[in-house]
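Participant: dropping a prediction and its sequence here:
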Amino acid sequence: MTSCKDGKHSKTSLHYVGDAIDLRSKHIPAMSTKRLIIKELIEALGDEFDIMLEDIGEPREHIHIEFQPKGVPNG
């Protein structure tokens, strides 16, 4: 895990309220493996979580997971 409530994020980031985490992914060499991990996270966590791969190919690459119940606005 690379970030929870710490780090630098956008003003409306759910990190600051404890509803988002980032997981390091740059050390996983195959994109197919990263896609599989994201697919399994989506299946495990359900539709109240948004899960995405961010900063692909960059040193900051990570899997971002946020608790975002549908119908509830951000921030």
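Facilitator: Done, it's in.
Participant: residue closest to the middle of this protein?
Facilitator: Among the residues of the chain, the one closest to the centroid is H64, at 1.0 Å (CA atoms, centre = their mean).
Participant: that one contacts D55, correct?
Facilitator: No - using CB atoms under 8 Å, H64 makes no contact with D55, being 9.2 Å away. The C-beta positions use only the backbone N, C-alpha and C, and glycine is treated the same way.
Participant: so I28: helix, strand or coil?
Facilitator: Here I28 is recorded as coil under DSSP: H, G, I helix; E, B strand; the rest coil.
Participant: coming back round to it: I'd like to know which elements the strand or helix carrying the residue nearest to the centre of the chain is packed against.
Facilitator: H64 is part of strand 62-67 when elements are defined by DSSP states H and E. Helices and strands touching strand 62-67, by 3 or more CB pairs under 8 Å, 6 or more residues apart in numbering; DSSP states H and E, are strand 20-24, helix 31-45, strand 49-54.
Participant: return the most buried member of those.
Facilitator: The highest average neighbour count among the helices and strands packed on strand 62-67, using mean count of other CB atoms under 10 Å, belongs to strand 20-24 at a mean of 18.
Participant: counting contacts, what elements does it pack onto?
Facilitator: In terms of contacts (3+ CB pairs under 8 Å, 6+ apart), strand 20-24 is packed against strand 62-67.
Participant: now the strand it packs on and strand 20-24, what's the angle there?
Facilitator: 160 degrees (axes from the mean of the first three to the mean of the last three CA atoms, to 10 degrees).
Participant: can you get me a residue count around I63?
Facilitator: Using other CB atoms under 10 Å, the number of residues around I63 comes to 19.
Participant: now tabulate the helices and strands packed on strand 62-67 in a markdown table and tack on distance to P69 and mean pLDDT.
Facilitator: Output for those, formatted as a markdown table (distance: least, CB to CB, whole Å; pLDDT from 0 to 100):
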| stretch | distance to P69 | mean pLDDT |
| --- | --- | --- |
| strand 20-24 | 13 | 90 |
| helix 31-45 | 12 | 96 |
| strand 49-54 | 9 | 94 |
